[in-house]
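Student: what shape does this take:
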Amino acid sequence: MRSRRTSRIEAAAGGGCCPAAVAASGDEGLGPVGGLVLAAAAVAMAFVVAPPALAADQSVPLGAQSGTGDDREHLKRKLQETLDRLDGKPARRGGAHGKQDPHAALAPEALVRVALQHQAEGRPDHAVSTLNDALRRYPGNPRLLTVRGSLLLQQDKTADALRDLEAAAQAAPDDPAILVNRAQGYRRFGDRTRALADLDRAIEIDPDFVAARFNRGSMHFNAQRFDAALVDFEHCVAVDPHAPPPYFNLAITREQLGDRSGAAADLRRFLELTDTKAWRELAEKRLAALEAAEPAASRGD
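Tutor: Numbers count the residues shown, from 1 in each chain. From the prediction side, this is the model:
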């Protein structure tokens, strides 16, 4: 498992760590990949970062999207056994849920995992419903509020999401993950001043928190503060050199600053790390253009 201070970036689609979209920057050219969202599934112009207590080796196994009925029942039982172990309860018999309410005695972290399981299997309404029930039992829990706010952001329910994220930040004002999420809510409302303030505060608390660095770098890029964006993206790759997304943003930032050879090197590294077809195609086209420009520049064309 990576340390708390690394990004733990993982894409919800395509099974790899890869940009979900490119945001426009100004009137022309490529803009940076958009912000990171601390939840279980990507939205447009977003990445996924597992919350600190939900690192990959702590998550529940995903249910099958296909396969026989026996396969699905087996996976359901294994999921329930995992959740039971989290709460120190003996394994159940006679089916996935037996005669009990499977969520009746779960702790908040286990309920988060149930919600993220629903989300990963394409049941966003069930995910939010699980968190609604959880918050009735654990009112004001900042983890539950943060995850529900993140999922509501993905459903474009920005006002509801921001209410959750503001409540979470009030309960845990020094949690950088909550601040990064709330910044996303502010950005959706167009309040870039408060979004940037949240990211600045998150980085003050944890200078190596890649989600905050990545999002702030994207905001600097879109404001044409390319030198500041470069600092944040370079910090991202220094902290987590195996995560693809920062290399793409670093490349287009270097290109804006006139460093074509550096941009090409970053794109090559990006291509080494990502296996998502659409993004490989985009990076390959950009790299070809940069490599074609280098001989022309050397000839003074």
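
Student: low-scoring stretches of the stretch 201-301 of the chain, by residue?
Tutor: 295-301 (pLDDT under 70).

Student: swap the cut-off to 90 and go again
Tutor: For the stretch 201-301 of the chain, the stretches with pLDDT under 90 are 276, 293-301.

Student: send the alpha carbons of the longest helix along the chain over as CSV?
Tutor: As assigned by DSSP state H, the longest helix anywhere in the chain is helix 277-299. The C-alpha trace of helix 277-299 is given here as CSV (Å, rounded to 0.1, in the frame of the first residue of the first chain):
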residue,chain,number,x,y,z
LYS,A,277,-6.7,3.8,-25.6
ALA,A,278,-8.3,7.2,-26.0
TRP,A,279,-5.6,8.9,-23.9
ARG,A,280,-2.8,7.0,-25.6
GLU,A,281,-4.1,8.2,-29.0
LEU,A,282,-4.2,11.9,-27.8
ALA,A,283,-0.8,11.7,-26.2
GLU,A,284,0.7,10.0,-29.3
LYS,A,285,-0.7,12.8,-31.6
ARG,A,286,0.6,15.5,-29.3
LEU,A,287,4.0,13.8,-29.1
ALA,A,288,4.2,13.4,-32.9
ALA,A,289,3.5,17.1,-33.3
LEU,A,290,6.2,18.1,-30.8
GLU,A,291,8.8,15.8,-32.4
ALA,A,292,8.0,17.2,-35.8
ALA,A,293,8.4,20.7,-34.5
GLU,A,294,11.9,20.0,-33.1
PRO,A,295,13.7,19.6,-36.4
ALA,A,296,11.9,22.6,-37.9
ALA,A,297,13.0,24.7,-34.9
SER,A,298,16.6,23.5,-35.2
ARG,A,299,16.6,24.5,-38.9
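
Student: tell me which residues of it come out buried.
Tutor: Neighbour-count burial for helix 277-299 flags 279, 282, 283, 286, 287, 290 (criterion: 16 or more other Cβ atoms under 10 Å). In short, each C-beta sits where N, CA and C put it, glycine included.

Student: show the subsequent helix or strand relative to the helix or strand containing residue 168.
Tutor: Element membership of residue 168, judged by DSSP states H and E, is helix 158-171. Helices and strands here follow DSSP H and E; after helix 158-171, the next one along the chain is helix 176-188.

Student: that next one vs helix 158-171, what angle?
Tutor: Angle of helix 176-188 versus helix 158-171, following axes from the mean of the first three to the mean of the last three Cα atoms, to 10 degrees, is 150 degrees.
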